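[1] This is a predicted model, with the sequence first.
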Amino acid sequence: MLIDSQQLAQDAEIRGSVAIIGAGAAGIVLATELIRHFRDVVVLESGGLEYEQATQDLYRGTNLIDIETPTDFRIPKLPLEVSRLRFFGGTTNHWNGVCSPFDAVDFKHAADSPFNEWPIQLSDLLPYYARAYRYCEIGAYESPPAIIGKAEPIARQILDSPDFELAEFRHSPPTRFGELYRSDLASSERVKVYLHANVTDLSVSSDGRKISSLEVRTLSGRGFSVAAKLFILCCGGIENARILLNCTRHFPAGIGNKHDLVGRCFMNNPQASVGTIVPRISDFDLGPVVLGKDGPTPVTVAFKNSARVATLPGRRGASIFLNPIFEQDSAVAQARNTPSFEAVRSMFQDLKHRHIPVNFSKKVHTVLEDPASVAKAIYSRVTEVFRSKKPMKGIWVRIEGAQPPNPASRVMLNNDVDVFGMKRVTLDWRISDEDYANLYQTSEAFARGVGAAGFGRMNLEISEHKDLSKITGTGHHLGTTRMHNDPRQGVVDQNCKVHDLDNLFIAGSSVFTTGPRVNPTLNIVALAIRLADHLRTKVTGNVSTRETA
C-alpha cells in the first residue's frame, strides 16, 4: 500500500514489525523480500513517486575543496545534490545499469592497509547473486561467465600480459526499481510505503540498547512517529552517515559513532581517460570485448588487473574498458566529451523515464553554450550503426580504480541546516598517492601488454606524476558505515547490525569495508537479500507468530 504522509493526522503513531528508511535499490529489495515473512513492514521514503526539487534540496551539501585551498589529495568536487535522487526508487531512477559481482580479491586483506579487512568472504555472498541478477534484470548468474570464454581469444590478441584477467559487466535495461516493483508493494497488504516521509531523529531506549521509534516529518509540516521491533537504514553512502551523525539526543557523537567511525573511510571509484590505442589492423573486430550478448542482456568484457597484482603492496584493484573510435570520429569524440553533450544526455535519460531533469535550467544553459558539439555528437549517435563496419581510427581506454579505506576521507556535518533543522554535510574525498599510482601503473602495464601482443601502440595520456585534474569520481558513495566485526574498526558487524544496538541495521554501499573494482548496485542488492534472509532466520524468533507468515 502506498500512502502520502502529507495526508496523515498530525502526531499519528505508526507501528510495524520492521521499519525500512529509504526506498532505493536496497530498501525496495528488503521490503519485497521481507513481506514474505512479516505481515506489517513499514517503508519510509523522503520523496514522492516523481522528482520534486524541494525534496531533492535536502541532499544539498558542500565539498571541502569549495571552502579550502585545493590540495594534492582532493579532486574537483562531487555534486552531492545531483549524484543521488530522492524519490521512490532512489538513484536507480537515473543509474546507467552497469552490474558486476564482487570477486574473491575484493574481500582480501591488504597488508599495507590496516582498515582493509572484510568480516565476510565472497562465499558468504555467492548464494544471493541469483536473486540479485533477477532483481536487476541481467539474466542468469553463472560462474565463470560463459561470455568470458567467448571473449578470451580476442582479448589475447589485444593484450599479452599475465597481470590482467577478464571480467564481465552486464548492462541492466537499466532497471528502474521504483517503477518495476511499485505495483508489488502497492498491492500488498503486508507493507505500507509512506511517501514524503523524512526521518529526522531515531529515538533510543532508556538503556541505550535499542532504537524505540522514529520521528518523521513532511515538508508540508506534518509530524508523526514510527515504532517497530527492527529498523533498517537504507539512504545511501552519504545520507546514512548524515542521519546517524544528526541523532545526538542519547549519543552526543551520533548513533553508532562510539569510536568516531561514522562518516569516515568515504570511498569512490576514481576514473580517468588514460589513453588511445592505435591498432595495427584497422578492421579488427573487438566483438564481445566491447559489447557482447548473453541472451537479451548486453555484456561488456573489461580487463581487470589480476588478483596477484591487486594485492601487491601499494597496489589496488582496477578495471580497464575499451571503446572503439571509427574513422572521422575524432571531432565526434571531442564533442561527446563536452559538458554540453553530457547535459543533453542526462536530460534525455530523465525525460525517457518521464522525470523532470535535475537542474533543468542549468543544463539548458550549458547546452546553449555549445550547441554545435551537441549536434555533432547526436548525429554521430544516430548514424553510428551505419559506420560500424568502417575502419577503427583508435580505441579509447578508460580506467576505473578501487580505493582502500582512509579514515581522513570522510563525510562531516557542517553548521548549515535544512528545513528540518538537520545539519547538512561537507564531503572531504581524498585520493592518496597510492590510489593515483595504482591508476598510472595499471594503465602503463596495460599499454605495455598491448604492445607485447603486437596489437598496436597505446598513447598513454596519464602522467606518472600525480595530476588530479585527470581524475573524476563515478558517483559511487562507499564505506561511511563500514562493516567490521571489531567495533573499533567498523560501524556494523558482518550481518549489517550497528554495534551496541540490538535492532538497528544498515543496508547499501555505506557498509562496504573496501572500495571494490566494480560498480556497487548489484552488490548492494545481493547484500540486501542476505540481510533479509538473516532477519528471517536469526531475528524472527523474537517476533510473535502473528507478525510472521
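    Thanks, I have it.

[2] On the three-state scheme, the nearest residue to T276 once chain neighbours are set aside is what?
    Here the nearest residue to T276 in space, its sequence neighbours aside, is G394; by CB to CB, 6 or more residues apart in numbering that works out to 4.5 Å. Using the backbone N, CA and C atoms, a C-beta is placed for each residue, glycine as well. Classification of G394 using DSSP: H, G, I helix; E, B strand; the rest coil returns strand.

[3] ok, G394 to N459 distance?
    8 Å (CB to CB, to the nearest Å).

[4] hmm, back to that, run through the bridge partners of the residue nearest to T276.
    On the basis of DSSP bridges, G394 is bridged to I325.

[5] any shared contact partners between G394 and N459?
    T276, I277, V278 (CB atoms under 8 Å, 6 or more residues apart in numbering).

[6] Report the contact partners of N198.
    S46, L58, V216, R217, T218, L219, F420.

[7] For G454, grab phi and psi.
    When read as degrees, to the nearest 10, the backbone of G454 gives phi 80, psi 20.

[8] Thought I281 was touching it, still the case?
    No - applying CB atoms under 8 Å, one finds G454 not in contact with I281, separated by 9.8 Å.

[9] circling back: by neighbours, which of the shared contacts of G394 and N459 wins?
    I277 (23 neighbours; other CB atoms under 10 Å).

[10] so it sits in a strand?
    Yes - according to three-state DSSP, I277 belongs to a strand.

[11] and the residue nearest to it when sequence neighbours are not counted, how many neighbours?
    Counting by CB to CB, 6+ apart, I277 lies nearest to I395, which is 4.1 Å off, once chain neighbours are set aside. By other CB under 10 Å, the residues close to I395 number 23.

[12] go on, D416?
    Neighbours of D416 (other CB under 10 Å): 12.

[13] Check P144 too.
    10.

[14] And it, how far from P516?
    Taking CB to CB, one finds P144 at 18 Å from P516.

[15] Name the spans of the stretch 251-400 of the chain whose pLDDT lies under the cut-off.
    327-390 (pLDDT under 70).

[16] Would you map the strands across the stretch 51-200 of the chain?
    62-63, 98-99, 164-171, 191-195, 198-204 (DSSP state E, counting those that start in this stretch).

[17] elements contacting the second one?
    Meaning strand 98-99. Here strand 98-99 touches strand 164-171, helix 521-534, going by 3 or more CB pairs under 8 Å, 6 or more residues apart in numbering; DSSP states H and E.

[18] looking only at pLDDT, what's the mean for the first one?
    Taken as a whole, strand 164-171 has an average pLDDT of 96.

[19] try the last one
    Predicted confidence along helix 521-534 averages 98 (mean pLDDT).

[20] Specify the angle between that helix and strand 164-171 in degrees.
    80 degrees (axes from the mean of the first three to the mean of the last three CA atoms, to 10 degrees).

[21] got a list of contacts for helix 521-534?
    Contacts of helix 521-534 (CB under 8 Å, 6+ apart): 25-26, 29-30, 33-34, 92, 95, 98-102, 124-125, 127-129, 131-133, 135-136, 138, 170, 232, 234, 495-496, 505, 507-509, 511-512, 516.

[22] From those residues, list just the buried residues.
    25-26, 29-30, 33-34, 92, 95, 98-102, 125, 128-129, 131-133, 135-136, 138, 170, 232, 234, 495-496, 505, 507-509, 511-512, 516 (16 or more other CB atoms under 10 Å).

[23] and the nearest residue to A445 once chain neighbours are set aside, how many residues sit next to it?
    Counting by CB to CB, 6+ apart, D163 is the residue found nearest to A445 once chain neighbours are left out, at 5.4 Å. Using other CB under 10 Å, D163 has 19 neighbouring residues.

[24] Over to Q10?
    Neighbours of Q10 (other CB under 10 Å): 8.

[25] got it, and A532?
    25.

[26] The closest residue to it other than its chain neighbours: which element?
    Nearest non-adjacent residue to A532, counting by CB to CB, 6+ apart: E33, 3.6 Å away. Per DSSP states H and E, E33 falls inside helix 25-34.

[27] mind checking which helix or strand the closest residue to E45 other than its chain neighbours is in?
    Once flanking residues are discounted, E45 sits nearest to A23: 3.9 Å by CB to CB, 6+ apart. A23 is part of no helix or strand when elements are defined by DSSP H and E.

[28] So A23 sits against V43, correct?
    Yes - counting by CB under 8 Å, A23 touches V43, with 5.5 Å between them.

[29] any residues in contact with both of these two?
    A31, V193.

[30] what inclination does the helix or strand that contains F303 have with respect to strand 164-171?
    Using DSSP H and E, F303 sits within strand 297-305. Here the directions of strand 297-305 and strand 164-171 differ by 150 degrees (the same axes, to 10 degrees).

[31] Going by neighbour count, list what's buried in whichever helix in the chain runs longest.
    Ranked by residue count under DSSP state H, the longest helix found in the chain is helix 433-453. For helix 433-453, burial by neighbour count (16+ other CB under 10 Å) applies to 434-436, 438-451, 453.

[32] Endpoint to endpoint, stretch 115-133 covers what distance?
    Stretch 115-133 has an end-to-end distance of 30 Å (criterion: CA to CA, to the nearest Å).

[33] hmm, back to that, the helix or strand just after the helix holding E33 pairs with which strands, and in what direction?
    Sequence-wise, the next helix or strand downstream of helix 25-34 (DSSP H and E) is strand 41-44. Within its sheet, strand 41-44 is paired with strand 12-21 (parallel), strand 191-195 (parallel), according to DSSP bridges.

[34] what's the closest of those to N240?
    Proximity to N240, assessed across those by CB to CB, is greatest for strand 12-21 (8.9 Å).

[35] Could you list the residues in contact with that closest one?
    Contacts for strand 12-21 (CB under 8 Å, 6+ apart): 27, 30-31, 34, 38-44, 192, 194, 199, 214, 224-235, 243, 535, 543, 547-548.

[36] next one: stretch 303-319
    In contact with stretch 303-319 (CB under 8 Å, 6+ apart) are residues 103-106, 108, 110-112, 155, 159, 162-167, 169, 302, 320, 322, 399-404, 434-435, 437-439, 441-442, 445-446, 516-518.

[37] Now that we have those residues, which of them are buried?
    103, 105-106, 108, 110, 155, 159, 163-167, 169, 302, 320, 322, 399-404, 434-435, 438-439, 441-442, 445-446, 516-518.

[38] ok, now which ones touch the residue nearest to E45?
    A31, V43, L44, E45, F88, G89, G90, G178, V193, C234.

[39] let's see it at 6 Å
    V43, E45, F88 (CB atoms under 6 Å, 6 or more residues apart in numbering).

[40] can you put the residues you listed in TSV and add neighbour count, pLDDT and distance to C247?
    Shown next, in TSV, are these (neighbours: other CB atoms under 10 Å; pLDDT from 0 to 100; distance: CB to CB, whole Å):
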residue	neighbour count	pLDDT	distance to C247
V43	30	98	20
E45	30	98	19
F88	28	98	24
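
[41] So which of these is the closest to Q489?
    Closest to Q489, out of all of the contacts of A23 and judged by CB to CB, is V43, at 30.9 Å.

[42] hey, what's that closest one bridged with?
    Here V43, judged by DSSP bridges, has bridge partners I20, V193.

[43] What's the separation between it and I21?
    To I21, V43 is 8 Å away according to CB to CB.

[44] go on, I148?
    Taking CB to CB, one finds I148 at 39 Å from I21.

[45] More neighbours: which of those two?
    When I148 and I21 are compared on other CB under 10 Å, the one with more neighbours turns out to be I21, at 27 against 19.

[46] What distance do you get for the more buried one to Q441?
    I21 is 41 Å from Q441, by CB to CB.

[47] Same question for F164.
    For F164 relative to Q441 (CB to CB), the value is 12 Å.

[48] I appreciate the help and will end here.
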